[in-house]
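Asks: Model the structure of this input:
(one chain, ligands or ions: 1)
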Amino acid sequence: MSDIAKLEIDGKVYELPVFIGSENEKAIDISKLRDLTGCITLDSGYKNTGATKSSITFLDGEEGILHYRGYKIEELAEKATFLEVSYLLIYGELPTIHELKDFEANIKKHTLVHEDMKRFFEAYPAQAHPMGVLSSMISSLSTFYPESLDPNRSEAKKNLTVCRLIAKLPTLAAWAYKNSMRHPLMYPRNEYNYCQNFLYMMFAMPTEDYKLDPVVVDALNKLLILHADHEQNCSTSTVRIVGSSQANLYSTVSAGISALWGPLHGGANQEVIEMLEAIHEDGGNVDKWVTKAKDKNDPFRLMGFGHRVYKNFDPRAKIIKKTCDDVLEKLGVQDPLLEIAKKLEKVALEDEYFRSRNLYPNVDFYSGIIYKAIGIPTEMFTVMFALGRLPGWIAQWKEMTEHKEPIGRPRQIYVGKRVREYVDIGKR
Ligand code: ACO
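Replies: Predicted structure coming up:
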């Protein structure tokens, strides 16, 4: 492809540079478009807009490819630990043994949260959604660590904030759940690895011994790796745009958590189980619900199907489907919802409506099923997604600040009323 694109407006031809990425992705650089032509581009949902040049994640939606820093997701999910992948995403290279040990030790140093923060939990009602609690708690961390308010102060300070975030998110997430049950909060135990520690804080009780199941630990490790980054999705774009105003990292990540909460993004895994429950309560007639999903007059969609960028298959869904089968078999789980899920998957994969629109089960379809099988309550599913996505948000924020990207500020085309005169209230 030529490195110049030509654009003709009102008979005048403008030349725009074409930028080609390392995997041969092509972009027309329109950064001077408004200066040259007086026009801006219009791209609702940013479906065709490249917001940045990034070296973190490569994703090919047509081919179903996902790489972190050049490493295939399949290999990372098979061989690495979540903290190893976090290091890779944040610092750019796989860690040596020493680097990983240091990283893990730094994180273990910060797993406790300030005792005063425990009092915040008491103020939340038991039915508070844990995502609301988590985003508030993460934002509140900035009030305990004022040195984080200037995110660019020093590399050491930045790394300290990064370690604190990675260390404290599992503690706060597990405590949000324990609090909703009005159970005693379990303190982190640093002899455990990252995934073990989270499961311990979620499920252990002070009155009895807690036994970790290696199948569950392994499944959690894989799930977190698969969710660790996904280039410029809704929550990551939110993180980059909030961070671009030089807000501190805690508030920036808190904004990412809020963006993730929505049912069209990270909230989909919760919606999947709620949809399966609704189908079950309705008598388990899968065909009826598939018909509803296809009806344009019915707002219902099959949750866990379709993806903005994967239009062939979601490579994460392929890996997680196998983990899902393993976990269900090893734990011997019998659940009518799982039968409905399998039927739904089959019908949708064979149905012309879904096939012609390339709507396949996405990662959230299977992650919800695994989380249910290992005892994670439905309302915590999106929190699990946030745990996994944290290193990606941090890596994207770090890259954005290191590239000194300008504050994010899109334009618009105004379609409202033209200027008119104010009418006194009595005359309206
Ligand atoms: N069920 C039924 N129909 C669907 C579904 C679905 N789950 N998803 C898309 N469609 C249909 C649309 O109605 C549209 O049909 P049309 O061409 O006849 O108008 C067509 O498929 C294209 O859909 P869009 O909404 O234009 O696709 P978009 O890329 O904007 O949306 C999204 C992607 C939001 C993921 C969508 O597929 C969806 O809502 N899925 C269900 C929610 C979900 O699972 N979200 C998780 C995404 S993964 C993640 O965030 C990790």
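Asks: list the buried ones in stretch 157-165?
Replies: Residues of stretch 157-165 classed as buried: K158, L160, T161, V162, C163, R164, L165 (neighbour count, 16 or more other C-beta atoms under 10 Å). Just so you know, the C-beta spots here come from the backbone N, C-alpha and C atoms, and that holds for glycine as well.
Asks: how much space between the fifth one and A105?
Replies: Think C163. Taking C-beta to C-beta, to the nearest Å as the measure, C163 falls 10 Å from A105.
Asks: and which of the buried residues of stretch 157-165 is nearest the ligand?
Replies: When these are compared for distance to the ligand (C-beta to the nearest ligand atom), L165 wins out at 20.9 Å.
Asks: gap between the helix or strand the closest one falls within and the chain center?
Replies: Using DSSP states H and E, L165 sits within helix 155-181. Relative to its parent chain, helix 155-181 has a centroid offset of 16 Å by C-alpha atoms, centre = their mean, to the nearest Å.
Asks: after it comes which helix or strand?
Replies: Next along from helix 155-181, by DSSP H and E: helix 194-203.
Asks: For that next one, which residues meet the burial criterion?
Replies: Y194, C195, Q196, N197, F198, L199, Y200, M201, M202, F203.
Asks: With distance to K26 and pLDDT added, can I get those in CSV?
Replies: As requested, the buried residues of helix 194-203 are arranged in CSV below (distance: C-beta to C-beta, whole Å; pLDDT from 0 to 100):
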residue, distance to K26, pLDDT
Y194, 39, 97
C195, 39, 98
Q196, 45, 98
N197, 44, 97
F198, 41, 98
L199, 44, 97
Y200, 48, 97
M201, 47, 97
M202, 45, 97
F203, 49, 96
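Asks: Just the pLDDT for the one residue in the stretch 301-428 of the chain that gets nearest to the ligand.
Replies: Nearest residue of the stretch 301-428 of the chain to the ligand (C-beta to the nearest ligand atom) works out as G306 at 2.3 Å. In this model, G306 is scored at 88, pLDDT.
Asks: Check L302 too.
Replies: pLDDT, L302: 92.
Asks: Next: Y360.
Replies: 86.
Asks: On the secondary structure side, give me the element for the closest residue to it other than its chain neighbours.
Replies: Distance criterion C-beta to C-beta, 6 or more residues apart in numbering; nearest residue to Y360, sequence neighbours excluded, is F313 at 5.3 Å. According to DSSP H and E, F313 maps onto no helix or strand at all.
Asks: how close does A395 get to E63?
Replies: A395 sits 23 Å away from E63, going by C-beta to C-beta.
Asks: what about the two, which has more around it?
Replies: Taking neighbours as other C-beta atoms under 10 Å, A395 and E63 compare with A395 leading, 28 against 12.
Asks: The more buried one: what secondary structure?
Replies: Using DSSP: H, G, I helix; E, B strand; the rest coil, the structure places A395 in helix.
Asks: what's the burial count for whichever residue of the stretch 1-150 of the chain sits closest to the ligand?
Replies: Per C-beta to the nearest ligand atom, G45 is where the stretch 1-150 of the chain lies closest to the ligand, at 6.5 Å. The number of residues packed near G45 is 8, by other C-beta under 10 Å.
Asks: list the buried ones in the helix or strand containing S235?
Replies: Secondary structure from DSSP H and E places S235 in helix 234-243. Buried residues in helix 234-243, counting neighbours by 16+ other C-beta under 10 Å, are found at C234, S235, T236, S237, T238, V239, R240, I241, V242, G243.
Asks: Report the contact partners of L169.
Replies: Taking C-beta atoms under 8 Å, 6 or more residues apart in numbering, we find L169 in contact with L134, I138, A386, L387, L390.
Asks: Would you mind giving me the confidence score for it?
Replies: 98.
Asks: Any chance you could list what contacts stretch 119-136?
Replies: With C-beta under 8 Å, 6+ apart as the test, stretch 119-136 has contacts from 137, 140, 169, 172-173, 175-177, 179-182, 185, 254-255, 257-258, 260-261, 267, 379-380, 382-383, 386.
Asks: which parts of it are buried?
Replies: For stretch 119-136, by 16+ other C-beta under 10 Å, it's F120, F121, Y124, A128, H129, P130, M131, V133, L134, S135, S136.
Asks: rewinding a little: can you count the residues close to the nearest residue to the residue of the stretch 301-428 of the chain closest to the ligand once chain neighbours are set aside?
Replies: In space, not counting the residues next to it along the chain, G306 is nearest to L359; the distance is 4.3 Å by C-beta to C-beta, 6+ apart. Applying other C-beta under 10 Å, we find 19 residues neighbouring L359.
Asks: right, and L359 touches M303 too?
Replies: No: if you go by C-beta atoms under 8 Å, L359 and M303 don't touch, sitting 11.5 Å apart.
Asks: can I assume V383 is in contact with A173?
Replies: Yes: counting by C-beta under 8 Å, A173 is a contact partner of V383 at 4.9 Å.
Asks: Just read off the phi/psi values of E15.
Replies: phi -100, psi 130 (degrees, to the nearest 10).
Asks: between V383 and A173, which one's more packed in?
Replies: V383 (28 against 24).
Asks: In contact with that one, which residues?
Replies: Here V383 is in contact with P130, M131, L134, A173, A176, Y177 (C-beta under 8 Å, 6+ apart).
Asks: which of those sit farthest apart?
Replies: M131 and Y177 (11.3 Å; C-beta to C-beta).
Asks: where do the helices sit along the stretch 301-428 of the chain?
Replies: Using DSSP state H, counting those that start in this stretch, the helices of the stretch 301-428 of the chain run over residues 315-331, 336-350, 352-356, 363-373, 381-402.
Asks: neighbouring contacts of the shortest one?
Replies: So that's helix 352-356. With C-beta under 8 Å, 6+ apart, helix 352-356 has contacts from A293, K294, L302, F305, A348, L349, L359, Y360.
Asks: Check the burial of the fifth one by counting its neighbours.
Replies: When you say that, I think you mean A348. When neighbours are counted by other C-beta under 10 Å, A348 comes out with 24.
Asks: Now that it has come up, it's in contact with L302, right?
Replies: Yes: look at A348 against L302 with C-beta under 8 Å: they come within range, at 6.1 Å.
Asks: can you list residues touching both of the two?
Replies: V290, F354, L359.
Asks: For the first one, the count of nearby residues, please.
Replies: Number of residues near V290 (other C-beta under 10 Å) recorded here: 19.
Asks: That one is in what secondary structure piece?
Replies: With DSSP H and E as the criterion, V290 is inside helix 286-294.
Asks: what's the average pLDDT for that helix?
Replies: Rounded mean pLDDT across helix 286-294 is 93.
Asks: quick one on the thing from earlier: just the buried residues of helix 234-243 now: which is nearest V85?
Replies: Nearest to V85 among those, with distances taken as C-beta to C-beta, is T236, at 15.8 Å.
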